[in-house]
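Asks: No letters, just coordinates:
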């Protein structure tokens with residue numbers, strides 16, 4: 001598809017709607033389930049609940065960050081869907097789950113979401129492994145689902161498994177928190193991410209169909225007239 005105003009609109013508008021929907025829902029779930037655990041962990045780290053502050057500004061910044069992150073993910077999803085043409089919400093949901101597996105679940109197998117008070121490997125090492133794992137998993141899923149040849153599917157399996165064979169960067173972890181709290185936070189973060197990605201997939205697919213429908217209707221009379 002050429003890079004025209006219509007093409008940009010077909011990508012940006014669905015991504016914006018999906019980013020807002022997914023980000024707001026993720027922010028609500030975080031406030032309900034994750035923020036209490038974060039505040040508890042910060043109180044342990046700082047030596048008392050009186051040092052922990054969670055005001056309106058922190059809520060707004062967190063919500064803005066969630067929406068911006070969801071918008072970025074929705075752009076990636078819209079770019080992948082646009083060459084497929086019109087897709088159903090079920091296909092959008094499947095793409096969203098694939099995005100969750102690539103950008104949340106697979107990296108979390110080696111580097112689970114961490115609360116304040118947990119020190120592990122260096123930030124740069126973790127970020128590099130996270131990015132490599134996310135890209136390898138996304139490419140592997142694409143090979144498994146989209147490639148017709150058996151050799152490409154085998155390559156997809158290798159791409160998915162390889163980052164975990166290499167292993168996530170490890171460090172001298174310092175745990176100030178109880179293990180159940182850290183485990184519940186990791187599971188809650190993954191559940192929130194799953195909901196966010198599902199919403200992004202469904203809203204992106206539905207919005208792209210809504211945006212494409214008027215364009216198709218407008219092109220039909222002009223073709224009939226010619």
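Replies: Okay, I see it. Everything quoted here is computed from the prediction, not taken from an experiment.
Asks: dump the residue contacts of the closest residue to residue 9 other than its chain neighbours.
Replies: Nearest residue to residue 9, sequence neighbours excluded (CB to CB, 6 or more residues apart in numbering): residue 211, at 6.5 Å. In short, each C-beta sits where N, CA and C put it, glycine included. By CB atoms under 8 Å, 6 or more residues apart in numbering, the residues touching residue 211 are 9, 10, 13, 14.
Asks: what's the helix or strand for residue 211?
Replies: helix 179-225 (DSSP states H and E).
Asks: Tell me how far that helix lies from the chain's centre.
Replies: Distance, stretch centre to chain centre, for helix 179-225: 11 Å (CA atoms, centre = their mean, to the nearest Å).
Asks: Also stretch 161-169?
Replies: Distance, stretch centre to chain centre, for stretch 161-169: 20 Å (CA atoms, centre = their mean).
Asks: Among the contacts of residue 211, name the buried ones.
Replies: By neighbour count, with 16 or more other CB atoms under 10 Å, the contacts of residue 211 hold 10, 14 as buried.
Asks: So, low pLDDT: which residues of the chain?
Replies: Along the chain, the parts satisfying pLDDT under 70 run over 1-7, 48-51, 117, 119-120, 171-178, 213-226.
Asks: what ranges do the strands span in it?
Replies: Assigned by DSSP state E, the chain shows strands spanning 118-119, 174-175.
Asks: Please determine how far residue 58 is located from residue 73.
Replies: Note on residue 58: its distance to residue 73, by CB to CB, to the nearest Å, is 23 Å.
Asks: So for those two, which sits in the more crowded spot?
Replies: More neighbours surround residue 73 than the other of residue 58 and residue 73, with 27 against 11 (other CB atoms under 10 Å).
Asks: Test my guess that the more buried one contacts residue 99.
Replies: Yes - if you go by CB atoms under 8 Å, residue 73 and residue 99 touch, sitting 6.2 Å apart.
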